[in-house]
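>>> No sequence on hand, only this structure:
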């Protein structure tokens, strides 16, 4: 049996040369924005503006503008926070965990997903700041000796969130930047504009593509991947602790940490897949972000979606098995109570529709996978809604039960968060290479000849 | 062209001798145990059952995982997993003495007590002997079916490879995964969690899975290294293959710690009496020492040993840590099961040796007899050359 038969197809299609790779990937940066781009930017920045107005109104008039009521003290702000932090998870999973697993197909999408991580975490970080009501005092969230002798509550998972999210942001940012250095150098060498040259020269930190540079680069990349891997798990674990350490029925359940992590990766992949489908079409990256890559992403969505389904099932089973009437009530109330509509949106979008990915034809059908991924994100948003709102709305004191209704301001801030995220993404697309030039070159056919025992090599 | 340098070599009968010795010794101890103190012997029987299940079902999971993710490096070791998975057939045998002692083991089988206890009464539709037996039997049958589908079908491929074999097996593997998750969860809930029928934890199935994965992988690692060192696996398997074992063992050491910590922290923090008592039982008297020990044995030691990069491909250190993880899984099961038997403090005597002796003896004997006339590499698999030729 010849080994050539079993050679995996290259993750990059069409055998482009190194120069072609340079040109194709830096094309969006070289050209001035066209009208389509400006329209897209107009839409997203309008959304952002709506959000800013709603946040401004909230600061001016107070949180009374929101739909939060007495039992439901946590609603859209925390839902959006958890949702956006979750979106961020795909980036680090792709760049760190898949790197450790030596998955070559990650190279086409890693940079973009890392960028999304950073923007998603920035968007997420906005919500606790708004939620505290006095965002100008948020500095006290960091423990430092001060004249007021004000100290944080170290036993609160909300504080652990501050540490977890800021560490995550820092490491993701450094990881992203380290990966960008060789690409900045490529851009520096290509550009003819003096201003760009100065900017890229500073950003590329004197990178000269020397052997020693690469050696250090690969070492630091591996170390950062090692650091980022536990961070991916820790961030959403700690977000889940926000709920799970309490004694609120429906929140306090031990499966929350891995269940939240699986859900975060699930929604993050859905978002990355959605945006990449558009990007690869607009910028003609179809041979770099291939259909095979998208199919693999769909497989990961199927796996994580099914894990989330396992957690739903386990929660239901144990709610009954525990014999705790509060737990049983909360779960029956979720499925058949006043919020049943939200619950069934969540179950159908997160567990039922992704099952279509069992079929190869659907995994490789771009319009269908796009719709499924949109539904996944709808479902994952509703998951947080279901967890947060249904548990709070019917808590231990039936006399204070109340139905939560979001206001227009709530929706405005949600729209604004999407506006912020997509505005940042659009700016990123035009300012930096959205695909790692150096890494894509490294996975081209023949870039890494492996010598075999009988003297031949299976490279090109 | 890559030629596979593989000549089938007769397995050394030393394997059988050691296995028979272990099994005979374990059998005598078990027999004496059931005569002298059947309660203690039965509780140890759960450790034996769950350990063998971890290895058997875990091996099936590893096979399914390899097909599903399309891994290359593990193809040369798949035959070892396929042979190891045969131990699933020993599971029902080990469950027989337990079924005979259900009243001794499980508080929920005492109907008169259950009737007095509203919580247990509530659980009767699930926790009753009839349904319990049906669940276990169904689980065993499913394991047999999937043993055939995932492992059994593969042996014939050595002489007569069939078309589409891989394609079909990949589909079977996909079907297997959800079934595996359900079977494993309910076996963990039934045989381990329901020992203290008031206690509940949604993560418990995942906790048992974390242990299952690392012990099954550790056993495969041990067989792979010993067989390879003695020339049973042909040529070409070296450090890069070992590295994957090391890396995965390291990853699942962390995964286990993550799951165990999550369960503990959430229960400790919320401090609800209906959950905390389970940990408090494991904090009575000398149990506290065992409970602290599990952190060191199941996490800190393997973490520290496997952390350096060279350790992951060094067969010496890998053998040590794989043995260590086998021990750690026994320790974990001991910590899960025995506090229900002995509330006031940890007990350890000659009787606790029998699960270890019988489990290891059974694995060795079954492996020997089943591997006897078989190739230890899946030589009919077209992916094998690529698997042998694997480099990082």
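Cool, the structure landed. What you see is a predicted model; the values in this text were computed from it and never measured.
>>> so where's chain B uncertain?
Along chain B, the model assigns pLDDT under 70 to residues B:1-4.
>>> can you give me the strands in it?
Assigned by DSSP state E, chain B shows no strands.
>>> any idea which residue sits dead centre in it?
For chain B, the residue nearest the mean C-alpha position is residue B:54 (1.7 Å; CA atoms, centre = their mean).
>>> In this structure that residue contacts residue B:212, no?
Yes. Because the distance of 4.2 Å satisfies CB atoms under 8 Å, residue B:54 is recorded as touching residue B:212. Where C-beta positions appear, they are placed from N, C-alpha and C, glycine not excepted.
>>> chain center to stretch A:43-53: distance?
Between the centre of stretch A:43-53 and the centre of its chain there are 21 Å (CA atoms, centre = their mean, to the nearest Å).
>>> Which positions within it qualify as buried?
Neighbour-count burial for stretch A:43-53 flags A:44-45, A:47-48, A:50-52 (criterion: 16 or more other CB atoms under 10 Å in any protein chain shown).
>>> Which one of the residues you listed is nearest to chain B?
Closest approach between the buried residues of stretch A:43-53 and chain B, by CB to the nearest CB: residue A:51, at 34.2 Å.
>>> distance between stretch A:238-254 and the chain's centre?
With CA atoms, centre = their mean as the basis, stretch A:238-254 stands 22 Å off its chain's centre.
>>> how about it, does it reach chain B?
Yes. Applying CB under 8 Å from any CB of the partner chain, one finds stretch A:238-254 in contact with chain B at A:241, A:244-247, A:252-254.
>>> Now, of the residues you listed, which are buried?
For the residues of stretch A:238-254 next to chain B, buried by 16+ other CB under 10 Å: A:241, A:244-246, A:252-254.
>>> Flag the shaky bits of the stretch 1-150 of chain A, pLDDT-wise.
Within the stretch 1-150 of chain A, the segments meeting pLDDT under 70 span A:1-9.
>>> Repeat the analysis, applying 80 as the threshold.
A:1-15, A:133 (pLDDT under 80).
>>> Show me the strands in it, by range?
Using DSSP state E, counting those that start in this stretch, the stretch 1-150 of chain A contains no strands.
>>> re the thing from before, among the buried ones among the residues of stretch A:238-254 next to chain B, which one lies nearest to residue B:284?
residue A:254 (21.6 Å; CB to CB).
>>> how about residue A:245, phi and psi?
With angles defined as degrees, to the nearest 10, residue A:245 sits at phi -80, psi -10.
>>> so how many other residues sit close to the closest residue to it other than its chain neighbours?
In this structure, residue A:245 finds its nearest non-sequential neighbour in residue B:269, 4.1 Å apart by CB to CB, 6 or more residues apart in numbering or on different chains. Neighbours of residue B:269 under the rule other CB atoms under 10 Å in any protein chain shown: 16.
>>> And for residue A:308?
Other residues close to residue A:308 by other CB under 10 Å number 27.
>>> That one contacts residue A:260, correct?
No. The criterion here is CB under 8 Å, and residue A:308 misses it with residue A:260 at 9.3 Å.
>>> just to revisit the earlier point, pretty sure the residue nearest to residue A:245 contacts residue A:247?
No. The pair residue B:269 and residue A:247 does not pass the contact test of CB under 8 Å, sitting 9.4 Å apart.
>>> wait, is residue A:207 part of a helix?
No. With DSSP: H, G, I helix; E, B strand; the rest coil as the criterion, residue A:207 is coil rather than part of a helix.
>>> isn't it right next to residue A:189, touching?
No. Using CB under 8 Å, residue A:207 is not in contact with residue A:189; the gap is 9.8 Å.
>>> More neighbours: which of these two?
Using other CB under 10 Å, the more surrounded residue of residue A:207 and residue A:189 is residue A:207, with 21 against 15.
>>> so how far is residue B:372 from the more buried one?
Taking CB to CB, to the nearest Å as the measure, residue A:207 falls 60 Å from residue B:372.
>>> Residue B:165 now?
Distance of residue B:165 to residue B:372, given as CB to CB: 24 Å.
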